[in-house]
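Chemist: Here is my input; please provide its structure:
(4 chains)
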Protein chains: 2
Amino acid sequence: MNKFKQIFHDLKLKIQNKEYENGTYLPSENELAKQYQTSRETIRKALNLLLEHGYIQKIRGKGSIVISPKQFNFPVSGLTSYQELVASQHLTSQTTVLSNNLIKTIDTIKKHSELTSPNGLRYIKRQRWLDGSPVIIDHDYFHPDIIPEIPNEVAEQSIYEYLENSLGLAISYATKTITVEAATQDDVTYLGHQDYVVVVRSDVYLEDTQLFQYTESRHTIDKFKFVDFARRRHN
Amino acid sequence: MNKFKQIFHDLKLKIQNKEYENGTYLPSENELAKQYQTSRETIRKALNLLLEHGYIQKIRGKGSIVISPKQFNFPVSGLTSYQELVASQHLTSQTTVLSNNLIKTIDTIKKHSELTSPNGLRYIKRQRWLDGSPVIIDHDYFHPDIIPEIPNEVAEQSIYEYLENSLGLAISYATKTITVEAATQDDVTYLGHQDYVVVVRSDVYLEDTQLFQYTESRHTIDKFKFVDFARRRHN
DNA sequence: TAGTGGTCTAGACCACTTT
DNA sequence: AAGTGGTCTAGACCACTAT
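Modeler: Here you go, the predicted model:
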């Protein structure tokens, strides 16, 4: 692994383990460069990762101060899969696969996504359970030239893990929207009676900028919570 | 201004003006270093900003490809004020100040925020109008030692502009949550009949890590849309 | 004045893609 | 083999904070 990522991980662990306590300063960049036997610019790359992830705040002329005591409960922020969320939050979860088949491109997708294909799309519909209640309906549409098929056992576990590790795909970025909409008949069927649902729509791209997936994730409003850490941009 | 920010702005403009078209490659980093008479590392800092903002995608061995045709409609993402949003989206908007006074810390804040002060808090309540309809109720709480008072004329315009330019405060980062909750009687009074509202809660911090503001922003669900650009983290 | 983080440089080596 | 982006270095100068 890269040196600056190693240092980032090491410092992150030390912060989480309270070796560097909240409100105190890290050693200076020059000091860290000595400690890790590296150059200052490399230290700065590691500190930038800590900064972006909300672990430290840098103050010019003073130093880098630890600011992150809190665990984020439910970070839909960033590009994280449902399975990774569940794992990081130690939740007990179940997934029921409702559909897994090839479909023709349907008009409802076109309203929200650029994803199309002459050969149709692979469609997977899943119901997510938390603590015995259904809380999310996921509709996933994949480009069939990139993802020919997805076994049901994979759909019940982590599709992203399968795509990245088994198929070797490099998932890179996504554009997403969050809105609140009236529940459809289908939502009610699989989530129980709801007036409204939170809808998270994502177009997901590979490293080579190919659009390969569109996802519509429909949440019950009572279990939905989006948590974010944001920095003010001064550009 | 810094060289790398200048270059970032310049490239961003050229992308927006289609001088570098969507799907095409930027000149290589070495080429750009020559063009801008600078070092490659400085070019790379500028390109990193483009990357974070979703303007380009870098592909190893190939180059940096332009990926951003779309304008983001309503980026609540990042740390942007309502006024800046309105300006960037060319919306016509009005603000009504409903309250602007000093209050004792109330328990409802403590549930959601760390913000406290022995001298009470400055409280501002505002109603936001878009195209003739009330769409947001903002409840802002400020630490009075940092922000002694805010004129009503300022509250009707941009408080952030006032804090940053007139008071010289450096707003740095925030933690925020988004949930959907049952509308209160107060919401109905100022937003019209609603069953539910989208609630955005933020703790806002200064550069020196002082918590100085807690905001509760209550949106009508029909006008709420959160748009985000997210990169997958491989740490 | 000394220490801190912010910027910038010129060069090096590497992994990857293309020809 | 040549070109690309990814990493790393050793040093420089600056703006800011503290004493």
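
Chemist: that's a strand at A:E19, yeah?
Modeler: No - assigned with DSSP: H, G, I helix; E, B strand; the rest coil, A:E19 falls outside any strand and is coil.

Chemist: a strand runs through A:I178, doesn't it?
Modeler: Yes - with three-state DSSP as the criterion, A:I178 is part of a strand.

Chemist: ok, how many other residues are close to the nearest residue to it once chain neighbours are set aside?
Modeler: Among residues not flanking A:I178 along the chain, B:F226 sits closest, at 4.0 Å (Cβ to Cβ, 6 or more residues apart in numbering or on different chains). For every residue, glycine as well, the C-beta is placed using N, CA and C. With neighbours defined by other Cβ atoms under 10 Å in any protein chain shown, the count for B:F226 comes to 23.

Chemist: Does B:F226 touch A:V180 like I think?
Modeler: No - between B:F226 and A:V180 there is no contact under Cβ atoms under 8 Å: 9.8 Å.

Chemist: Show me what counts as buried in stretch A:43-62.
Modeler: Within stretch A:43-62, the residues that count as buried by 16 or more other Cβ atoms under 10 Å in any protein chain shown are A:I43, A:K45, A:A46, A:L47, A:L49, A:L50, A:L51, A:G54, A:Y55, A:I56, A:Q57, A:K58.

Chemist: ok, the first one - contacts?
Modeler: I take that to be A:I43. A:F4, A:I7, A:E29, A:L32, A:A33, A:Y36 (Cβ atoms under 8 Å, 6 or more residues apart in numbering or on different chains).

Chemist: What of the second one?
Modeler: With contact set as Cβ under 8 Å, 6+ apart, A:K45 has these partners: A:F4, A:F8.

Chemist: and the gap between it and A:A33?
Modeler: A:K45 is 12 Å from A:A33, where distance means Cβ to Cβ, to the nearest Å.

Chemist: Do a quick rundown of the strands in chain A.
Modeler: For chain A, applying DSSP state E gives strands covering A:56-59, A:63-66, A:93-103, A:121-130, A:133-142, A:171-182, A:196-206, A:211-220, A:226-231.

Chemist: Including mean pLDDT and distance to B:S117, could those strands go into TSV?
Modeler: Output for the strands of chain A, formatted as TSV (pLDDT from 0 to 100; distance: least, Cβ to Cβ, whole Å):
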stretch	mean pLDDT	distance to B:S117
strand A:56-59	89	21
strand A:63-66	92	21
strand A:93-103	92	41
strand A:121-130	92	38
strand A:133-142	92	38
strand A:171-182	86	33
strand A:196-206	91	34
strand A:211-220	91	36
strand A:226-231	78	23
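
Chemist: Can you name the residue of chain A nearest to DNA strand D?
Modeler: Using Cβ to the nearest atom of the strand, A:G61 is the residue of chain A that sits closest to DNA strand D, at 2.4 Å.

Chemist: State the pLDDT value of that residue.
Modeler: Per-residue pLDDT puts A:G61 at 91.

Chemist: Just put the strands of chain A in JSON lines and tack on distance to B:N17.
Modeler: Shown next, in JSON lines, are these (distance: least, Cβ to Cβ, whole Å):
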{"stretch": "strand A:56-59", "distance to B:N17": "34"}
{"stretch": "strand A:63-66", "distance to B:N17": "38"}
{"stretch": "strand A:93-103", "distance to B:N17": "39"}
{"stretch": "strand A:121-130", "distance to B:N17": "35"}
{"stretch": "strand A:133-142", "distance to B:N17": "33"}
{"stretch": "strand A:171-182", "distance to B:N17": "21"}
{"stretch": "strand A:196-206", "distance to B:N17": "24"}
{"stretch": "strand A:211-220", "distance to B:N17": "24"}
{"stretch": "strand A:226-231", "distance to B:N17": "27"}
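
Chemist: quick one: which of these is nearest A:I15?
Modeler: Relative to A:I15, the nearest member of the strands of chain A by Cβ to Cβ is strand A:63-66, separated by 5.6 Å.

Chemist: Which elements pack onto the closest one?
Modeler: Here strand A:63-66 touches strand A:56-59, going by 3 or more Cβ pairs under 8 Å, 6 or more residues apart in numbering or on different chains; DSSP states H and E.

Chemist: The strand it packs on: how far from the chain's middle?
Modeler: Distance of strand A:56-59 from its chain centroid, counting by Cα atoms, centre = their mean, to the nearest Å, is 25 Å.

Chemist: The closest residue to A:A170 other than its chain neighbours and DNA strand C, how far apart?
Modeler: Nearest-residue entry for A:A170: A:E207, 3.8 Å, with adjacent residues in sequence omitted and distances by Cβ to Cβ, 6+ apart. Per Cβ to the nearest atom of the strand, to the nearest Å, A:E207 is found 9 Å from DNA strand C.

Chemist: from memory A:F224 sits against B:T177, does it?
Modeler: No - using Cβ under 8 Å, A:F224 is not in contact with B:T177; the gap is 10.5 Å.

Chemist: Stretch A:202-216 near DNA strand D at all?
Modeler: No - Stretch A:202-216 lies apart from DNA strand D when judged by Cβ under 7 Å from any atom of the strand; the minimum separation is 9.6 Å.
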